[in-house]
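A.B. asks: Requesting a structural model of the entry that follows:
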Amino acid sequence: MSAVTVSTKFQVVIPLAVREAMALVPGTKLQVIHYEDRIEMIPVRPSKSLRGSLRGIDTSVPRERDRV
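C.D. replies: Here you go, the predicted model:
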């Protein structure tokens, strides 16, 4: 775990090891969440990256007759 310092402009530098592990590149958008006593930064992945992730899912859901 690495410690970072907040600059006078409230900026932080993400350590190289974390950037490489998370495949972060300049321009990557991060969602910042305040959770209890910590700050979490979660990469926002484009919705196109989810394409095909549900391939093979069972979509045969029984429906009520009055809803068909």
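A.B. asks: Test for you: state the pLDDT assigned to K48.
C.D. replies: K48 carries a pLDDT value of 77.
A.B. asks: For R65, which residues are in contact?
C.D. replies: Under the criterion of C-beta atoms under 8 Å, 6 or more residues apart in numbering, R65 has no neighbours. Heads up, the C-betas are built off the backbone N, CA and C, glycines and all.
A.B. asks: would you say Q31 is within a helix?
C.D. replies: No - under the criterion used here (DSSP: H, G, I helix; E, B strand; the rest coil), Q31 is strand, not part of a helix.
A.B. asks: which residues does it bridge with?
C.D. replies: Beta-bridge partners for Q31, by DSSP bridges, are I42.
A.B. asks: Please renumber the chain so that the first residue is 57 from this point on.
C.D. replies: Sure, I'll start numbering at 57, so the last one becomes Q87.
A.B. asks: That one touches M97, doesn't it?
C.D. replies: Yes - contact between Q87 and M97 holds when scored by C-beta atoms under 8 Å: they sit 7.1 Å apart.
A.B. asks: Looking at these two, which is more packed in?
C.D. replies: M97 (13 against 9; other C-beta atoms under 10 Å).
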